[in-house]
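1. Sharing a model that was predicted from the sequence below.
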Protein chains: 2
Amino acid sequence: MDQEIENIQEQPEIQDEILLAALKLFAEKGYFNTSLIDIKDAAGLNTTSVIYHHFKTKQMIASALYANIIDSLSISIDDIRRKNEKPSEQLRGIVDLLFKLTDDAPDVMRFLLLSKINEFLPEEKPVLKTVAFVKIIKIIEAGIQSGEIRNMTPQIGYAYFFGVIDNTLRMVLTGALDKKADFYQSQAWLAAWNAIAKK
Amino acid sequence: MDQEIENIQEQPEIQDEILLAALKLFAEKGYFNTSLIDIKDAAGLNTTSVIYHHFKTKQMIASALYANIIDSLSISIDDIRRKNEKPSEQLRGIVDLLFKLTDDAPDVMRFLLLSKINEFLPEEKPVLKTVAFVKIIKIIEAGIQSGEIRNMTPQIGYAYFFGVIDNTLRMVLTGALDKKADFYQSQAWLAAWNAIAKK
DNA sequence: GTCTATACGCCGATAGAC
DNA sequence: GTCTATCGGCGTATAGAC
């Protein structure tokens, strides 16, 4: 009981501190260049034992991060789908979200777009097979049905549309484009949409 | 003298065997999941010492691979530039090359498109700063000058055009698209070109 | 739940005989 | 130039006291 009350008004749980520190390091240096000692230091802990108390292995940290990110994306996508009817508007909403994330939470996007997740998490689903991205494919499918999008397999539509979007974001994240993502958003949206829209 | 004669009619040099085996493993499992013992086995050698006789460190193997691939790309691009006048034709030639490589030498493309090279070669130039890719940016620049391509910074042009191309190839290489790259080529070219062409 | 100490394995790299 | 043997170190993970 005392514990419960304490937990409520406590500063962020240690678990979250660990996850946050790990995300930052994985995004910056990569999973394999990050040791548990690095994570311990970045999280302000005294011993790696603390980490092992919360996560069974190093992989489990990455796995938890991956799940959190995909879950949160999936929820946001549901929200966007509810608030917008037309597939074009839904895609627009997703683009909004991704560009905003790139500026506000670059580490999340770096982890998602720039790292080879199945290289260190061979058991996990590849990004395209996760709930979040299956939903995106469904939106494209619906757009083809409704006639907004040219006739093509949804995967191809995904390749073209998010080719433009992701590559723009990747270049922002790596510094190959020097302004904030926001600066490129409306143009990139147009180019991406034109690549799949029925004209 | 004897040695020279031998070398001429010898089967592929050991160096090349090592590079080939390493490329395959790096492409399939990633640099960090590949040990020198793996490379030794894949190259049919008895000892890792043989490898150390030809390469100072594991990094140097990856570095040599990277240099070879960029050099060879760069030469091909020069060739394409010589044989074609208009930037649109030159880009078309580069797309041809990349799709062909994806079907004929998937490991090369996996290494180039799918691995985070500066994660294990922090000293090397990122892909976009290499000679080969600087030449591509120059072609796009020329296309903007000549009026074939819309007015935009060349980097943005690159982001859109190769966003479509690379993402298509990436999906072929990971199996998210199930046909050979060749099958998607002409469509992808159209979508990519339309994303930057002055209409 | 956090500390100290330490085990254990793997892997990159070297030494030195042949 | 290839072999055997081995070092050194790092990094993950555990044992066990507090």
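-> Alright, I've got the coordinates. Numbering: from 1, shown residues only, chains lettered A, B, ... in the order given.

2. Whether the top helix by length along chain A contacts DNA strand C - can you check?
-> Identified as the longest helix of chain A according to DSSP state H is helix A:58-83. No: judged by Cβ under 7 Å from any atom of the strand, helix A:58-83 and DNA strand C are separated, with a smallest distance of 13.3 Å. The C-beta positions use only the backbone N, C-alpha and C, and glycine is treated the same way.

3. other SSEs contacting that helix?
-> Other helices and strands packing on helix A:58-83, by 3 or more Cβ pairs under 8 Å, 6 or more residues apart in numbering or on different chains; DSSP states H and E, are helix A:14-29, helix A:87-104, helix A:117-120, helix A:131-146.

4. any idea how far the third one is from the chain center?
-> What that stands for is helix A:117-120. Centroid displacement of helix A:117-120 relative to its chain, using Cα atoms, centre = their mean, to the nearest Å, is 15 Å.

5. Would you mind listing what in chain A touches chain B?
-> Residues of chain A lying close to chain B (Cβ under 8 Å from any Cβ of the partner chain) are A:29-30, A:32-33, A:114-116, A:119, A:126, A:128, A:152, A:155-156, A:158-160, A:162-168, A:171, A:174, A:176-177, A:184, A:187-188, A:191-192, A:194-196.

6. Including mean neighbour count, distance to DNA strand D and mean pLDDT, could the helices and strands packed on helix A:58-83 go into CSV?
-> Putting these into CSV (neighbours: other Cβ atoms under 10 Å in any protein chain shown; distance: least, Cβ to the nearest atom of the strand, whole Å; pLDDT from 0 to 100) gives the following:
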stretch, mean neighbour count, distance to DNA strand D, mean pLDDT
helix A:14-29, 19, 10, 97
helix A:87-104, 19, 27, 98
helix A:117-120, 19, 10, 98
helix A:131-146, 18, 27, 98
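
7. What residues sit buried inside the strand or helix carrying A:Val108?
-> Here A:Val108, judged by DSSP states H and E, is contained in helix A:106-109. Within helix A:106-109, the residues that count as buried by 16 or more other Cβ atoms under 10 Å in any protein chain shown are A:Pro106, A:Asp107, A:Val108, A:Met109.

8. swap in stretch A:73-84?
-> A:Leu73, A:Ser74, A:Ser76, A:Ile77, A:Ile80, A:Arg81, A:Asn84.

9. rewinding a little: now do the helix holding A:Val108: everything it contacts.
-> Applying Cβ atoms under 8 Å, 6 or more residues apart in numbering or on different chains, the contact partners of helix A:106-109 are A:Leu23, A:Lys24, A:Ala27, A:Glu28, A:Ile69, A:Leu98, A:Leu101, A:Thr102, A:Leu169, A:Leu173.

10. List the residues that contact the fifth one.
-> Read it as A:Ile69. A:Ile69 neighbours (Cβ under 8 Å, 6+ apart): A:Val108, A:Phe111, A:Leu112.

11. Looking at those, spot the one nearest chain B.
-> Nearest to chain B, judged by Cβ to the nearest Cβ, of the contacts of A:Ile69 is A:Phe111 at 11.7 Å.

12. hmm, which of the residues of chain A next to chain B are the buried ones?
-> Buried among the residues of chain A next to chain B by 16+ other Cβ under 10 Å: A:30, A:32, A:114-116, A:119, A:128, A:152, A:155-156, A:158-160, A:162-168, A:171, A:174, A:176-177, A:184, A:188, A:191-192, A:194-196.
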